[in-house]
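>>> Have a look; sequence and predicted model below, questions after that.
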Amino acid sequence: MILRIDPDASVPIFEQIVLQVKYAVARGAYRAGDQLPSVRQLAVDALVNPNTVAKAYRELEREGVVRTRRGLGIFVAEGAEALCTRDGRSVIDGRLRNVVTEAADAGIPAEEIREIFERHLKRSHGEDG
């Protein structure tokens, strides 16, 4: 699992890990029953403190995304994909709402906001634009 951690972001690192694990599950990179990297391994890979990863995994378990099997590791829970997809949509909806509101407050016309959004959407999906 490759995580993009931004230590300068306003979002705490453990929350960045939680969100990125959820996104990985939502897009099918991890499926129910798949084992996640160990706390130590993910901490090394992401260059973060193991306690931060452990906190993120505890939160994911509390939310029902993962299950810990003592002595075996951490595994994606049944039904996690639907849960993560729903949560991801909610997060993105909120972010887009904030961006659109900020753009409107800045006086950017609706059509220009649409054009900006479409340009970024095409780029993120590898289309010309």
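In hand now; what should we look at?

>>> Ends of stretch 42-50, what's the gap?
8 Å (Cα to Cα, to the nearest Å).

>>> One more: stretch 34-43?
19 Å.

>>> What are the contacting residues of stretch 110-117?
Here stretch 110-117 makes contact (Cβ atoms under 8 Å, 6 or more residues apart in numbering) with Val100, Ala103, Ala104, Ile108. From N, CA and C alone the C-beta is placed, and that goes for glycine too.

>>> for these, which one is nearest Arg89?
Nearest to Arg89 among these, counting by Cβ to Cβ, is Val100 at 15.8 Å.

>>> now that closest one, nearest residue through space, not along the chain?
Counting by Cβ to Cβ, 6 or more residues apart in numbering, the nearest residue to Val100 once its immediate chain neighbours are dropped is Ile113, at 6.1 Å.

>>> in which helix or strand would I find the one you found?
helix 110-124 (DSSP states H and E).

>>> related to what we said a few turns ago, could you list which of the contacts of stretch 110-117 belong to helices?
Of the contacts of stretch 110-117, the ones assigned to helices by DSSP state H are Val100, Ala103, Ala104.

>>> ok, the second one - contacts?
To tie it back to what came earlier, the one meant is Ala103. Ile113, Ile116.

>>> shouldn't Pro37 be in contact with Ile2?
No: between Pro37 and Ile2 there is no contact under Cβ atoms under 8 Å: 10.4 Å.

>>> Compare these two and say which one has the larger neighbour count.
Per other Cβ atoms under 10 Å, whichever of Pro37 and Ile2 has more neighbours is Pro37, with 18 against 8.
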